[in-house]
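Enquirer: Task: produce atomic coordinates for the following.
(chains A and B)
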Number of protein chains: 2
Amino acid sequence: MNRVTAVVTPLPRWKSIPFTSVEIKDAFWRPRLEVLKNVTVRTCLDQCEATGRITNFAKAGGLMEGEHEGMYYNDSDLYKVIEGAAYALMLERDPSLEAELDRIIALIHAAQEPDGYLTTYYTLRTEELKWSDMEKHEMYNGGHLIEAAVAYYESTGKRVLLDVACRMVDHYDSLFGPGKRHWVEGHEEIELALVKLYRVTQEERYWKLALWLLEERGHGHGVGVIWDKPDWGPAYCQDDVPVRDIEKVTGHAVRAMYLYTAMADVVHASGDPAYVDALHRVWSHTVERNLYLTGGIGPSVHNEGFTHDYDLPNESAYCETCAAIAMAFWNNRMNLLFGDAKYADLVERELYNGALSGISLSGDTFFYVNPLASKGGHHRVEWFHTSCCPTNLVRFLPSIGQYTYASTNDGIAVNQYMSGDAVISYGEGQQVRLQQTTNYPWQGSIAITVEPEREEEFVIRLRLPDWCRGYSLRIGGEKVLALPVRGYLEVNRKWTAGEVIELVLDMPVELVRARYEVEANRGRVALQRGPIVYCMEEVDNSNLAFDESAITDRDSIYIDHEPELLGGITVLTVSGREAGATPLRFIPYYAWDNRDPGYMQVWIREQETTHLYRY
Amino acid sequence: MNRVTAVVTPLPRWKSIPFTSVEIKDAFWRPRLEVLKNVTVRTCLDQCEATGRITNFAKAGGLMEGEHEGMYYNDSDLYKVIEGAAYALMLERDPSLEAELDRIIALIHAAQEPDGYLTTYYTLRTEELKWSDMEKHEMYNGGHLIEAAVAYYESTGKRVLLDVACRMVDHYDSLFGPGKRHWVEGHEEIELALVKLYRVTQEERYWKLALWLLEERGHGHGVGVIWDKPDWGPAYCQDDVPVRDIEKVTGHAVRAMYLYTAMADVVHASGDPAYVDALHRVWSHTVERNLYLTGGIGPSVHNEGFTHDYDLPNESAYCETCAAIAMAFWNNRMNLLFGDAKYADLVERELYNGALSGISLSGDTFFYVNPLASKGGHHRVEWFHTSCCPTNLVRFLPSIGQYTYASTNDGIAVNQYMSGDAVISYGEGQQVRLQQTTNYPWQGSIAITVEPEREEEFVIRLRLPDWCRGYSLRIGGEKVLALPVRGYLEVNRKWTAGEVIELVLDMPVELVRARYEVEANRGRVALQRGPIVYCMEEVDNSNLAFDESAITDRDSIYIDHEPELLGGITVLTVSGREAGATPLRFIPYYAWDNRDPGYMQVWIREQETTHLYRY
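Expert: As a prediction, this is how the structure comes out:
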């Protein structure tokens, strides 16, 4: 791949909005967030309790007897549940949940060693092996502690966990850094967390430690079991090249995404053009050669990650839920950094497909692996030995409000479409209230009422989703010809209170085809409508066997919203135009495996027609 | 090509409805029909007068002195104008126009020779050469006389012209037929006209003469200048094979279409399976290998017709207006014969594209040739030396009401969507009133109020247009899952008065691609929205030279209905998602060359993207 410098000068560097500034009233998301708070947070806390993930802290803190249970990264799961619970609390206070969290936080506090060290696995098992194997997730655990601490602080104002986090980072700082010990954390996470900690504390040391940790990679400093495995090696954890030289996405998918997320966070502060170029290169390589239609990434179970370009098998697709979530994290950072809607398009793709598929509609069972085809043997379960995915969902989904808008110097960007009210600050602190009303993702009409504090000129950017070709726009009832700029319809005008933006996005069913290079999908098509990727499930199509069906580009599609089915979904019934062939019924991919078990397919064989023109 | 027998048994044999049973109130069509009556009929009558087409009859009838003016087929133009004027009279009576027509009909009556012969060219020039050259359009003229006579009779109840026609056909019958002289009419038309005459008179001789004329072809009976031209020969006028052996569309496009129209008419009566097979074969060959996206047919100026498969050049496309109209005639017959919506799809394609482009918005200038690209030198003119196209438009457009519905044994078929009221008979003579309301072709929502005489069970078939993938259907507010049967959504139910059908057709902008075999369009795309094929014109895109523009499948399209522009059109503004590239403005193909002259293009170069998935 040639290196092409594609720096946007100057970097737009948009600002994230606190998700608490967005009240989600959306018919699609609101019920999900309620299930998440009422079922998923509870499920995950109970599982952490039942599997010793909580008592490990009590033991490490000397508050009870016993050995460490489970894996060396299990601390992180509890931290992620705390983070998710903190977000849920921001949506709606809950004294009993808060009391429970305070009790757990006290255990964490107790488990921290006097010098700030905090990983129960080593404290309870083999103190002498601390910091000996860079793959043992010590700083990965630490990163998740930081994210939990920041979330709980922002949610409740309570500093206990934040102070634990700061003491832990100070401990890191004392051991590692220029002139001190090298460290290449085997599973990235700490880097992005340190930038978060910097933002809440304004302590510059923290983001500089993140930068140093990034710069450590690719220079042969890595030591640990992974580095010695010949078929994994340094590339598995992105230690094969210095980060500024990254050309291609490699290795473990979640690790890679967390790394790029941190790089984008750091560039936001540093502006380093070498990072900018590396991010552009690796983003293109990921998205243009290694992305499933669902937003899933990482085809291989072997390394939970990437293999070779265009290797996107369907049935054996790994597509870890965490990787889809991490892809959303990264693309959100890219959106803020570069001010381009194409990154928010990917956040959307994960929100409605690759990440959302990870959780059942009931909120209590989970996919770790999200294949695009199954012969019937793949099902959500209640918990995993390595349970990163449930705990990532529990913190990702309640925070989606932060992805809906971004704040720019000259106004605001509307990144996601969901009904709700928001108060967004932009520029020098001006505020604007936005009321969004839509039946998205089922219908493409969006109305946004704009209420600035006073009549004022500023820019509102409306994302034109990547799946949307035709659109129209009215403001205050008048047609406005706005053409996309970096994927946004930019409207720069003096806004008066109560002005209504009406955006209409054509939302036809698209037959999607993959590039020819994707061998798995040659001669196949997938259905997408709006942001929703569809699949067919055996329960709806039991008269056909797995992969027995085929569609043509001239088939007709009956579109029907079924409010009572699977939480309310738009069902597509595909049929030829002659009579006789069996119609195929498609449901959203995210909603599969919520009824009777059976086969599932996203990519369907395409049957050629004799038509002279192809639509 | 292998012969595949594809007979639908039994043939549905739907019935055409009289177009007078449909009152068109449509915002798209009604103003056009008014222009047609007020401007086009007048223009064509004046041109017929000015070019001697009317006085030729007065001269042949001995009512004035002088020589024959113009071509041997000029009689047909006057007949076609009379036919069109008769249709216009059926829409709205007009005593002054009717008086003018009566005066002209009297001249025609006078021009008929005592034995029934009627072609002013021979009567006035070279009596002795009558029936010597089968290419001299004697029966072609006669066919158009019949169509005019039937129309005028149905419109006014006056028999004068119908009697002239019957005497003329009796004359044919006395000369030609089994055991009499052979005749292969060089330009088909008489055959379909004879079936029309049979239908209005119920005289069986007439359709049997049509059948005999069809059967004459392909046996070496043809004599005349065309047959002797080596690069035209018998195939030019479809005399190369017996009609029941036709495999491929050949020769002059209008002639071919009129032949197949007559064959479909005759099969409607005869049911001959050999004809059915031949029609299926030649239809597939025409539509799957030799059809322009606009519905235009016949790429070559040389033979005004077909060349070799997939030869569909854009700039040099001949695409005679008459051929597009004739294609609609044929496909209307095929629809009635086989009860399949795919034929009505083609009627629609001609209505909104290839035929409609033949006339200016002002109704007084015309295209003979309808290319899909022009560097700026192609423009509509007021009249032609051979003026078949204006006079075909003048009779085609006011008759479109007859294409909106068809009558079946078990109910009705809705073939075209346009606002208006209709009273349709079906079955044993039951009647149903239908009120259709729609903003078609600009919007895909159609409401039809059904008013049967009494509550009764019957089938309503709704055409699902070929361009439409996604749709939904409600009847009486209730969702109805209807899947297409031969292209129709069939609703069989007990209908009560006032029941409302709500059909919603997704109408996205489609990027259309041609099969790879079409060399002219390799690497090119065209835009179509609903039934409307789009083009770009220089007047809207003067910052770009001819063929300088390119689009990608990820471009965005701003959709804007401009009621004041070109009679009210939906304009498409195509733009990349990054800023900077010049947006391209597209208008409906039918509306081109109604403003400043300049280049025009339907097929635009497609620029590849790096996207992994193609929509």
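
Enquirer: where does chain A have its least confident helix or strand?
Expert: helix A:225-228 (a mean of 91; mean pLDDT, DSSP states H and E).

Enquirer: In that helix, which residues are buried?
Expert: Residues of helix A:225-228 classed as buried: A:226-227 (neighbour count, 16 or more other Cβ atoms under 10 Å in any protein chain shown). No exception for glycine: its C-beta is placed from N, CA and C like everyone else's.

Enquirer: Output it in CSV, but only the C-alpha positions, please.
Expert: What follows is helix A:225-228, C-alpha atoms only, in CSV (Å, rounded to 0.1, in the frame of the first residue of the first chain):
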residue,chain,number,x,y,z
VAL,A,225,4.0,-15.5,26.2
ILE,A,226,2.4,-14.0,23.2
TRP,A,227,5.6,-12.7,21.7
ASP,A,228,7.1,-16.1,21.8
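
Enquirer: residues touching A:Ile82, list them.
Expert: Contacts here follow Cβ atoms under 8 Å, 6 or more residues apart in numbering or on different chains; on that basis A:Ile82 touches A:101, A:104-105, A:148, A:151-152, A:161.

Enquirer: which element follows the least confident helix or strand of chain A toward the C-terminus?
Expert: Following helix A:225-228 in sequence order, the next helix or strand is helix A:233-236 (DSSP states H and E).

Enquirer: can you tell me the average pLDDT over the helix or strand that that next one is followed by?
Expert: Downstream of helix A:233-236, the next assigned helix or strand under DSSP H and E is helix A:253-270. Confidence for helix A:253-270, expressed as mean pLDDT, is 95.

Enquirer: ok and the helix or strand where A:Ala193 lies relative to helix A:253-270, angle-wise?
Expert: Using DSSP H and E, A:Ala193 falls within helix A:190-201. If you take axes from the mean of the first three to the mean of the last three Cα atoms, to 10 degrees, helix A:190-201 sits at 40 degrees to helix A:253-270.

Enquirer: Where does the stretch 151-300 of chain A get nearest to chain B, which residue?
Expert: Residue of the stretch 151-300 of chain A nearest chain B, by Cβ to the nearest Cβ: A:Glu288 (4.9 Å).

Enquirer: re earlier: just among the contacts of A:Ile82, which is most surrounded?
Expert: A:Ala148 (30 neighbours; other Cβ atoms under 10 Å in any protein chain shown).

Enquirer: Let me see the contact set for that residue.
Expert: Contacts of A:Ala148 (Cβ under 8 Å, 6+ apart): A:79-80, A:82-83, A:86, A:161.

Enquirer: again, only using 6 Å
Expert: Applying Cβ atoms under 6 Å, 6 or more residues apart in numbering or on different chains to A:Ala148 gives the contacts A:79, A:82-83.

Enquirer: Which helix or strand contains it?
Expert: Per DSSP H and E, A:Ala148 falls inside helix A:138-156.

Enquirer: In stretch A:499-507, which residues are buried?
Expert: Residues of stretch A:499-507 classed as buried: A:499, A:501-507 (neighbour count, 16+ other Cβ under 10 Å).

Enquirer: Thanks a lot, catch you later.
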